[in-house]
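Participant: The sequence isn't on hand, but the structure is:
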C-alpha cells in the first residue's frame, strides 16, 4: 500500500499536470460565458419583480406567483431540449459533422412542438387560476401576467435549441452576449409596457408578461441570425428544410424526458419547501425566500459549468482512449471545489448584508442570516450534484440520475426535512437540514453512478 506521502505526491503531480492545467483552461473558456448567461437570466426575474413592486404590493405578490407558474411550465421547454447538446457533442466528437445540421433541424421541430404544447398548458392554467384558493384579489392579476407571458414559450424552446448548439460546438460567447441583450430588452420593455414610460400605455402585469414574450422573441431572432454566421457554416445547420423524423427525435427524447423529469422533481421540492415555510410562520417564510434566492445565485456557477462539462464529456466519450474523460472529470471536480469554497465563504461573511438588501426588519435579517449559514453548508453538495448530472448527460446517462434525484429530493430531502421540522420541532431549520441531507445523498449516489458508468465504458 502506498504511503500517505506517496499519495500526496501523486495528487500534487496530477494537479500540476500540464494536461490538467490546459483542460481547466478549456473548461473555463467554455463555462464562464454560460455562468454569466445564467446570472443574467436571473436578472430578468429581478427586473420583473422590481417593476411589479413599483405598481403595488398586491401586484408584486401576483407577479411572483405568475412567474413561478410560468417557470414550472417552461421547464418542459428547457428539459426537453437538453438532450440536443449531448447528442450533437457526440456527433462532433465522432467527426460526423454532416449529421450535426440534420439533428439540429430535428431539434427545431421538437422545440416548436414542445413550445406550442407548453403554451396550451399555460393557457389552461391561466383560465383556471381562479379555482386555486388564493386571496380574492390575486387571480385576476395572475391571469393578466400569464396571458402576456404564455406566448413566450415557443420562443423559449427555440432559444434553448440554439443555445444547445452553441454549447455542443464550444462557441458559448454568443449565448452570453444574447442573454445580456435580452436583459436590456427586458428592462426597456418592462418600463414601457409595465409602467407606461416612453409614451406607451400602462399595461401593468399584462405588460410585464408581454415583456417576457418580447425578450424571448428578440433572443431567438438574434441567436438564429448568429447561427447563420461564418463560425457555424461548417456544421450545415440550415443546409436543407427537413420534415420531422421519428428515428432522429426518439434518441433525443430518450435523453431529454428523464432530464425534464429530474428538473421537475427539483423545482417541485423547492416549491413544496416554500409552501411548508409559509405554514410555519411569516418571518420564517420571508427569511427562507431571502436565503434560497441568494443560494440560487450561487447555484448559477456550477450550473453553468455543468453545461460546459456535458459538451466536453460528450466529445471525449467517443474516443477509444478514456483518459480524456477522466481528465475532464478531474478538471470539473477541481473547479467545483474552488467555486463551492468561494460561494460558501461569501455567504458566511456577508450573510447579514445579503439579507439587508431585501429587508430592513432586524428580526428577518437575523433569521435569514442563520439560514444562509446552512446555505453555505450545502454549497459543495448542491454544486456536486448538478455538475455530476452534467457529466452523466455527456455520457448519455439520464434515466438513473433521474431516479436518484426523485429518491434524494422527495424521500430524503422532503421526508427527512418534514421529520426534523415537525417531529423534532426544529421548524424552518429542520426543512433546511432536510435539503442539506438530500443534496448530500444525491451527490454521493451520483458519484457512485458516474464511477459505474465510466467503468462500463472502459470495459
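Facilitator: Sure thing, it's come through. Keep in mind it's a predicted model, so treat the numbers as computed, not measured.

Participant: where does residue 70 land on pLDDT?
Facilitator: With respect to pLDDT, residue 70 has a value of 91.

Participant: Likewise for residue 13?
Facilitator: 49.

Participant: again with residue 259
Facilitator: Predicted confidence (pLDDT) for residue 259: 89.

Participant: who's in contact with it?
Facilitator: Shown in contact with residue 259 (CB atoms under 8 Å, 6 or more residues apart in numbering): 79-80, 82-83, 393, 398, 402. (Each C-beta comes from the backbone N, C-alpha and C, glycine too.)

Participant: got the contact list for residue 54?
Facilitator: For residue 54, the contact set (CB under 8 Å, 6+ apart) comprises 194-195.

Participant: which of the contacts of residue 259 lies closest to residue 22?
Facilitator: The nearest member of those to residue 22, counting by CB to CB, is residue 393 at 23.4 Å.

Participant: list the contacts for that closest one?
Facilitator: By CB under 8 Å, 6+ apart, the contact list for residue 393 reads 82, 85-86, 255, 259, 310, 313-314, 401.

Participant: same thing with residue 452?
Facilitator: Residues counted as contacts of residue 452 (CB under 8 Å, 6+ apart): none.

Participant: related to what we said a few turns ago, now the contacts of residue 259 as a markdown table including distance to residue 193?
Facilitator: Below are those laid out as a markdown table (distance: CB to CB, whole Å):
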| residue | distance to residue 193 |
| --- | --- |
| 79 | 29 |
| 80 | 29 |
| 82 | 31 |
| 83 | 35 |
| 393 | 37 |
| 398 | 39 |
| 402 | 39 |
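
Participant: With pLDDT, secondary structure and distance to residue 64 as extra columns, can I get those in CSV?
Facilitator: Formatted as CSV, the contacts of residue 259 follow (pLDDT from 0 to 100; DSSP: H, G, I helix; E, B strand; the rest coil; distance: CB to CB, whole Å):
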residue, pLDDT, secondary structure, distance to residue 64
79, 90, helix, 22
80, 91, helix, 25
82, 88, coil, 26
83, 88, coil, 31
393, 90, helix, 31
398, 90, coil, 31
402, 94, helix, 28
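
Participant: Can you tell me which of these is closest to residue 444?
Facilitator: Compare each of those with residue 444 using CB to CB and the shortest gap goes to residue 402, at 16.6 Å.

Participant: Can you verify my assumption that the closest one contacts residue 258?
Facilitator: Yes - counting by CB atoms under 8 Å, residue 258 is a contact partner of residue 402 at 3.9 Å.

Participant: pLDDT wise, what is the closest residue to residue 289 other than its chain neighbours at?
Facilitator: Sequence neighbours aside, residue 274 is the residue nearest to residue 289 in space, at 7.2 Å (criterion: CB to CB, 6 or more residues apart in numbering). On pLDDT, residue 274 comes in at 80.

Participant: What helix or strand is residue 274 located in?
Facilitator: Using DSSP states H and E, residue 274 sits in helix 246-280.

Participant: quick check: angle from the helix or strand just after that helix to helix 246-280?
Facilitator: For helix 246-280, the following helix or strand on the C-terminal side (DSSP H and E) is helix 282-316. Between helix 282-316 and helix 246-280, the angle comes out at 160 degrees (axes from the mean of the first three to the mean of the last three CA atoms, to 10 degrees).

Participant: Can you name the next helix or strand after helix 282-316?
Facilitator: That would be, after helix 282-316 and using DSSP H and E, helix 323-349.

Participant: what's the angle from that next one to helix 282-316?
Facilitator: Using the same axes, to 10 degrees, the inter-axis angle of helix 323-349 relative to helix 282-316 is 160 degrees.

Participant: From the chain's centroid, how far away is helix 323-349?
Facilitator: Chain-centre distance of helix 323-349: 18 Å, with CA atoms, centre = their mean, to the nearest Å.

Participant: what stretches of this protein score poorly on pLDDT?
Facilitator: Low-confidence segments of the chain, defined by pLDDT under 70: 1-16, 318-321, 458-459.

Participant: Now residue 37. Nearest residue, chain neighbours left out?
Facilitator: The spatially closest residue to residue 37, leaving aside those adjacent along the chain, is residue 179, at 4.1 Å (CB to CB, 6+ apart).

Participant: ok, now how distant is the one you found from residue 185?
Facilitator: Distance from residue 179 to residue 185, counting by CB to CB, to the nearest Å: 11 Å.

Participant: These two: who's more crowded?
Facilitator: The neighbour comparison of residue 179 against residue 185 (other CB atoms under 10 Å) goes to residue 179, with 25 against 19.

Participant: Quick check: that one touching residue 35?
Facilitator: No - Residue 179 is beyond contact range of residue 35, at 11.0 Å (criterion: CB under 8 Å).

Participant: joint contacts of the two?
Facilitator: Counting by CB under 8 Å, 6+ apart, nothing touches both residue 179 and residue 35.

Participant: Could you measure from residue 42 over to residue 343?
Facilitator: For residue 42, the distance to residue 343 equals 14 Å [CB to CB].

Participant: okay, the two: which has more neighbours?
Facilitator: residue 343 (24 against 16).

Participant: for the nearest residue to the more buried one once chain neighbours are set aside, what are its contacts?
Facilitator: Using CB to CB, 6+ apart and skipping residues adjacent in sequence, the residue nearest residue 343 is residue 298, 3.9 Å away. By CB under 8 Å, 6+ apart, the residues touching residue 298 are 343, 346-347, 375, 379.

Participant: And residue 341, by the same measure?
Facilitator: Residues near residue 341 by CB under 8 Å, 6+ apart: residue 379.

Participant: For residue 258, see how far away it is.
Facilitator: Residue 341 is 31 Å from residue 258, by CB to CB.

Participant: tally of neighbours for residue 290?
Facilitator: Counted with other CB under 10 Å, residues neighbouring residue 290 total 23.

Participant: Chain neighbours aside, what residue packs nearest to it?
Facilitator: In this structure, residue 290 finds its nearest non-sequential neighbour in residue 368, 4.1 Å apart by CB to CB, 6+ apart.

Participant: Go ahead and confirm the one you found touches residue 361.
Facilitator: No - contact criterion CB under 8 Å: residue 368 and residue 361 do not qualify, at 9.5 Å.

Participant: higher neighbour count, these two?
Facilitator: Neighbour totals were compared for residue 368 and residue 361, and residue 368 leads with 29 against 15 (other CB under 10 Å).
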